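Asker: Provided below are the primary sequence and the corresponding predicted coordinates.
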Amino acid sequence: FFVGMFLGAWLWGIVADRCGRKHAFTATCCLTFTFGSGSALANSATALAMCRFAVGLGLGGNLAVDFSMFLEYLPSEYRGRATVWLTGWSAAGNIWASALAWAVIPSYGWRPYVVLCAAPLLPAMILRLGVKESPRYLLISGRPAEAAEVIVDIARGNGRLDQLPRTRESGRAGFDLEVASDAGAVREMRGSWRLLCSHSVLRSLVPLCLIWFCISAGFYGQSINLPSFLRQKNLSEEEGYLGVLLAVCAEIPGVVLGGYLVDRIGRIMTLRFAMLGCSCMLLLFSLVTTVHGVMAVTVAFEFASSMVWGAAYLYTPEVLPTPIRAVGLGACSATTRVAGMLSPGLGQMLSARDMLGESILLYALIYAVGACLTCALSVETSGQALSDGTMLPSDRDRSETSPLVSGTNAMGGKGGRKGYAPVAADPPRP
């Protein structure tokens with residue numbers, strides 16, 4: 001499963017940047033649904049493993065593509081909280097899966113369970129067919145007329161057609177988006193390894209990959225080994241299930257608070273403080289001995305970890321330029337799969353040697369290292385327009401011109417600095 005997610009994050013990130021967000025957006029959902037529900041038909045361990053590999057292939061790409069596309073539809077003023085709150089649906093999915101496991105598996109087995117877990121993907125897949133291509137992607141692809149039509153559709157859906165400069169009676173765009181003469185260079189950079197490996201991008205991408213590795217190593221190590229940890233803390237099976245359920249529910253208020261903090265104190269500070277919070281909670285977990293104490297610390301850890309994931313999924317695609325946004329996020333996501341394969345095994349090995357305290361301290365240390373690595377992130381993206389060219393925000397602030405678009409503020413937003421596409425940066429408020 002994790003191998004599939006590792007490959008899917010890279011593959012679909014490249015597809016989304018080179019061929020379009022919409023194609024990858026729909027295909028990843030279709031792949032995950034088909035093989036997720038198809039797992040119920042597996043008649044051997046090999047067939048089941050292949051189905052789960054295919055599910056991972058779709059899901060790995062889904063995470064990289066969805067957040068990239070979601071960001072590109074939002075204005076900067078509430079892009080932060082909306083994206084962080086989007087991660088809250090992961091907690092809702094965990095609650096759904098946990099409830100199904102409790103209700104279905106004891107009486108009907110695992111096959112109906114995997115079908116029901118995949119069922120919500122069917123309406124999601126149908127709804128995705130109606131989602132239009134990202135106007136930002138259309139702009140960097142040299143298709144400004146299509147981008148303008150998408151903008152009109154967005155404004156019409158939000159009841160804000162009056163904010164557009166001109167709209168024909170036919171309902172089609174009556175304005176033009178100007179594309180700079182050298183925009184072709186940007187178009188050629190879509191999904192480009194040369195841009196991905198450039199100094200300006202690697203300056204942010206390398207520490208981000210290391211931070212994502214730490215996040216995943218600490219989170220999956222703690223979460224997968226949590227039942228074993230709870231048993232060694234002398235919690236009964238019923239108390240253990242209750243603790244896990246409460247921990248999952250705690251992710252929702254964590255996401256709500258995270259959405260507020262990323263706009264209040266910034267993306268980097270929220271990520272740093274949340275990772276330090278996770279580290280502190282794991283340190284406390286190694287010390288507490290009472291049932292209520294263990295449950296309280298477990299809930300607090302999940303609360304903080306939900307803010308970590310939300311801030312990471314927000315900041316990473318924000319700081320990357322549009323031509324490599326999906327593949328860059330896919331690279332970070334891929335590192336988490338490596339950590340997800342290595343970290344739990346290490347924790348289980350230490351626990352098997354009666355070194356529970358040491359394994360928990362190891363995960364606490366990993367989170368602390370990740371928090372320190374955030375000091376290497378120099379670009380704060382809060383309140384900033386996304387970069388549509390080949391430069392990061394810190395670079396473009398020093399630049400006189402951008403290789404992309406500059407034109408009329410067709411969406412009635414606040415506009416943008418020289419070299420930006422304010423049309424795409426600030427779509428109408430929903």
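Answerer: Structure received. Residues are numbered from 1 along each chain as shown.

Asker: just the helices in the stretch 101-250 of the chain please.
Answerer: Using DSSP state H, counting those that start in this stretch, the helices of the stretch 101-250 of the chain run over 110-118, 121-128, 135-140, 144-157, 183-188, 193-196, 199-232, 237-264.

Asker: Quick check: residue 268 touching residue 315?
Answerer: Yes: counting by C-beta atoms under 8 Å, residue 315 is a contact partner of residue 268 at 6.9 Å. (Glycine included, C-beta is placed from N, CA and C.)

Asker: which one of those two has more residues nearby?
Answerer: Neighbours per residue (other C-beta atoms under 10 Å) separate residue 268 from residue 315, with residue 315 holding more: 27 against 21.

Asker: pLDDT below threshold where in this structure?
Answerer: 165-186, 225-243, 344, 347-348, 350-357, 389-430 (pLDDT under 70).

Asker: hmm, try it at 50
Answerer: Residues of the chain that meet the criterion pLDDT under 50 lie in 169-171, 396-430.

Asker: quick one, what contacts the residue most central in space within it?
Answerer: Closest to where the C-alpha atoms of the chain average out (C-alpha atoms, centre = their mean) is residue 313, at 3.8 Å. Residue 313 is in contact with 63, 67, 83, 84, 86, 87, counting by C-beta atoms under 8 Å, 6 or more residues apart in numbering.

Asker: go on, residue 141?
Answerer: Residue 141 neighbours (C-beta under 8 Å, 6+ apart): 20, 187, 190.

Asker: Any figure for the gap between it and residue 153?
Answerer: Using C-beta to C-beta, to the nearest Å, residue 141 is found at 18 Å from residue 153.

Asker: Same check on residue 326?
Answerer: To residue 153, residue 326 is 22 Å away according to C-beta to C-beta.

Asker: More neighbours: which of the two?
Answerer: Neighbour tally, residue 326 and residue 153, criterion other C-beta under 10 Å: the higher count belongs to residue 326, 33 against 15.

Asker: Could you confirm the more buried one falls within a helix?
Answerer: Yes: assessed with DSSP: H, G, I helix; E, B strand; the rest coil, residue 326 lies in a helix.

Asker: My guess is it contacts residue 63. True?
Answerer: No: here residue 326 lies out of contact with residue 63, judged by C-beta under 8 Å, at a distance of 10.3 Å.

Asker: next structured bit after the helix or strand residue 64 falls within?
Answerer: Assigned by DSSP states H and E, residue 64 belongs to helix 45-72. Downstream of helix 45-72, the next assigned helix or strand under DSSP H and E is helix 76-86.

Asker: buried residues in that following helix?
Answerer: For helix 76-86, the neighbour count (16 or more other C-beta atoms under 10 Å) marks 76, 79, 80, 81, 82, 83, 84, 85, 86 as buried.

Asker: which residues do residue 268 and residue 315 both contact?
Answerer: Shared contacts of residue 268 and residue 315 (C-beta under 8 Å, 6+ apart): residue 377.

Asker: In contact with residue 212, which residues?
Answerer: Contacts of residue 212 (C-beta under 8 Å, 6+ apart): 312, 316, 332, 333, 335, 336, 339.

Asker: For residue 38, see how far away it is.
Answerer: Separation of residue 212 from residue 38 (C-beta to C-beta): 30 Å.

Asker: cool, and residue 207?
Answerer: Distance check for residue 207 against residue 38: by C-beta to C-beta, it reads 39 Å.

Asker: re the thing from before, export the contacts of residue 313 to CSV and tack on distance to residue 30?
Answerer: Below are the contacts of residue 313 laid out as CSV (distance: C-beta to C-beta, whole Å):
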residue, distance to residue 30
63, 15
67, 18
83, 24
84, 27
86, 20
87, 22
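
Asker: Out of the residues you listed, which comes closest to residue 126?
Answerer: For the contacts of residue 313, the residue nearest residue 126 by C-beta to C-beta is residue 86; the value is 19.5 Å.
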